[in-house]
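Colleague: Next come a sequence and a model predicted from it.
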Number of protein chains: 2
Amino acid sequence: MRFEIDMPPPHTFNPDERNAIYRAIAERRDVRRGFLPQPLPEDLLTRLLAAAHSAPSVGLMQPTRFLVIRSRGIRQQIHEAFLAANQHAQGIYTGERHQQYADLKLEGILEAPQNLCILCDPSSLQGHGLGRQTMPETALYSTVCAIQNLWLAARAEGVGVGWVSILSPDRLRAILHIPPHIVPVAYLCLGFVESFGAGPELERAGWEHRRPLHEVVFEDTYPIPVEAEAPGS
Amino acid sequence: MRFEIDMPPPHTFNPDERNAIYRAIAERRDVRRGFLPQPLPEDLLTRLLAAAHSAPSVGLMQPTRFLVIRSRGIRQQIHEAFLAANQHAQGIYTGERHQQYADLKLEGILEAPQNLCILCDPSSLQGHGLGRQTMPETALYSTVCAIQNLWLAARAEGVGVGWVSILSPDRLRAILHIPPHIVPVAYLCLGFVESFGAGPELERAGWEHRRPLHEVVFEDTYPIPVEAEAPGS
């Protein structure tokens, strides 16, 4: 099978479809504010979970498990766990950045009508261990691929997703009855939103800026840092 | 801001765009065979890397680094590292599954004109540590989100991606000069392909089957396994 270099290669999506993929990637946001109170329709939530479930997984092990959390009582316990972890986190910053951190809104646990705890079962025998002898961490990585599938599908559905990592895994385990062999990978807030920001919230708040692509792409091997080169070389 | 429950919520993509997202998610494959010899045009590769680079990252730390590997000599060294790891991996299977494993094609390192090693720098100060006090593993997870962005964009561009995890991280480090503070997360083979399979290759080869979604979704808390319940409860 051959094709000319100026022709689109086979199996390419049409331009509108391709633009839709890049649009979802560009307009996806980590949403922490502006969640609307309407719960997600069941069929929409199922589409999002199915998108996650069809992510790549090492050896086809599909280790990802989903807790759909609507209970207000449980979300309140999680919110308290967030407040404790966040107070501790704020303590590492001093001066202007301490106040800047305090002003950030970092979660929507109670505003979002549904939360989602995404778990990994690295002990699952599905897949018969294929691909996990040298890099067992690929079970966890499979679960993260599922999260990103869900995040992009959610953007296309007009659903905001916020990942809350300022939580003690031990508290998560206790509140959600997660057994020792299961790993909590992500805690997400999910819901329709007032708006999607034009850029990342942390950039708009002046916390950090995105760096240009060329700074993170290298050819063939990892570059020797400039300061490590011999003088005059 | 309110909307009626039967109306599409605001910020939703139009149906064609939404279908394109779900199409990419459904038709994405882990490709190990059928790579075409034409190298990817530079602008296409840049679009894929930019898609990866715009993935969510904890605290906007953007810890992902990319090695674009075109050198045949380096790919040959990686391929030898794969063969060694794969021989060892095959040794854990006995009987029929041993032969079935031997018959699987698990990588396209030399066929794909470009490989991509995707790395994480968890020591990066970008983002000022926000979101990583209680769950420092979110730096690595950010890098996996970048991989899944690239994987979906690649499908829309007609580009096959195969993730090779049957590699010793130490061998990867040695061949690619990866310093100790940088984590190799994924080694990918990338290229135009003869075809995308209708289903996962491991399913078509009879190695494993996908499980239905309802088996992995739970409400509010992790379920108590049936065998752990008290008799008569």
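Modeller: Noted; the coordinates are in hand. Numbers count the residues shown, from 1 in each chain, chains lettered A, B, ... in the order given.
Colleague: Give the other helices and strands that the longest strand seen in chain A contacts.
Modeller: Longest strand in chain A, counting residues (DSSP state E): strand A:183-192. If you count contacts as 3 or more Cβ pairs under 8 Å, 6 or more residues apart in numbering or on different chains; DSSP states H and E, strand A:183-192 packs onto strand A:114-120, helix A:138-156, strand A:159-163, helix A:169-176. No exception for glycine: its C-beta is placed from N, CA and C like everyone else's.
Colleague: residues contacting A:S142?
Modeller: A:S142 makes contact with A:55-58, A:61-64, A:120, according to Cβ atoms under 8 Å, 6 or more residues apart in numbering or on different chains.
Colleague: at 7 Å what do you get?
Modeller: By Cβ atoms under 7 Å, 6 or more residues apart in numbering or on different chains, the residues touching A:S142 are A:55-58, A:61, A:63-64.
Colleague: And for A:S165?
Modeller: B:58, B:131, B:134-135, B:138.
Colleague: how about a markdown table for the residues you listed, with distance to A:E111 added?
Modeller: Listed next are these as a markdown table, based on distance: Cβ to Cβ, whole Å:
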| residue | distance to A:E111 |
| --- | --- |
| B:V58 | 21 |
| B:G131 | 19 |
| B:T134 | 21 |
| B:M135 | 21 |
| B:T138 | 22 |
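Colleague: Now for those: which two are most distant?
Modeller: Farthest-apart pair in these is B:V58 and B:T134; separation 11.1 Å (Cβ to Cβ).
Colleague: For these two, indicate the residue with more neighbours.
Modeller: B:V58 (25 against 21; other Cβ atoms under 10 Å in any protein chain shown).
Colleague: residue boundaries of the helices in chain A?
Modeller: Secondary structure of chain A (DSSP state H): helices located at A:15-27, A:42-53, A:72-90, A:95-103, A:138-156, A:169-176, A:201-204.
Colleague: The third one close to chain B?
Modeller: This points to helix A:72-90. Yes. Applying Cβ under 7 Å from any Cβ of the partner chain, one finds helix A:72-90 touching chain B at A:74, A:85, A:88-89.
Colleague: quick one: A:I69 and B:D220 touch, right?
Modeller: Yes. Contact status for A:I69 versus B:D220: in contact at 5.3 Å, counting by Cβ atoms under 7 Å.
Colleague: Between those two, tell me which one has more neighbours.
Modeller: It is A:I69, of A:I69 and B:D220, that has more neighbours when counted by other Cβ under 10 Å, with 25 against 18.
Colleague: Neighbours of A:G91, how many?
Modeller: By the measure other Cβ under 10 Å, the count of residues near A:G91 is 11.
Colleague: Ramachandran coordinates for it?
Modeller: A:G91 has phi and psi values of phi -60, psi -20 when expressed as degrees, to the nearest 10.
Colleague: Assess the claim that A:F196 and A:R29 are in contact.
Modeller: Yes. With contact defined as Cβ under 7 Å, A:F196 reaches A:R29; the gap is 5.0 Å.
Colleague: hey, what's in contact with both of these two?
Modeller: Common neighbours of A:F196 and A:R29, counting by Cβ under 7 Å, 6+ apart, are A:G160.
Colleague: okay, these two: which has more neighbours?
Modeller: The residue with more neighbours, out of A:F196 and A:R29, is A:R29; 19 against 15, by other Cβ under 10 Å.
Colleague: what sits against that one?
Modeller: A:160, A:196-197, A:200.
Colleague: repeat that for 8 Å
Modeller: Taking Cβ under 8 Å, 6+ apart, we find A:R29 in contact with A:155, A:160, A:196-197, A:200-201.
Colleague: wouldn't A:I78 be in contact with A:R173 here?
Modeller: No. A:I78 lies out of contact with A:R173 (Cβ atoms under 8 Å); the separation is 11.8 Å.
Colleague: With A:S57 as the reference, measure out to A:A139.
Modeller: Separation of A:A139 from A:S57 (Cβ to Cβ, to the nearest Å) stands at 8 Å.
Colleague: more crowded one of these two?
Modeller: The residue with more neighbours, out of A:A139 and A:S57, is A:S57; 28 against 25, by other Cβ under 10 Å.
Colleague: Quick check: phi and psi on that one?
Modeller: The phi and psi values for A:S57, taken as degrees, to the nearest 10, are phi -140, psi 140.
Colleague: residues in contact with it?
Modeller: Residues in contact with A:S57 (Cβ under 8 Å, 6+ apart) are A:63-64, A:127, A:139, A:142, A:145-146.
Colleague: what's the answer for A:D220, then?
Modeller: Contact partners of A:D220, counting by Cβ under 8 Å, 6+ apart, are B:67-71, B:74, B:176.
Colleague: And A:Q133, by the same measure?
Modeller: Shown in contact with A:Q133 (Cβ under 8 Å, 6+ apart): B:85, B:88-89, B:92, B:166.
Colleague: Brilliant, that's me finished.
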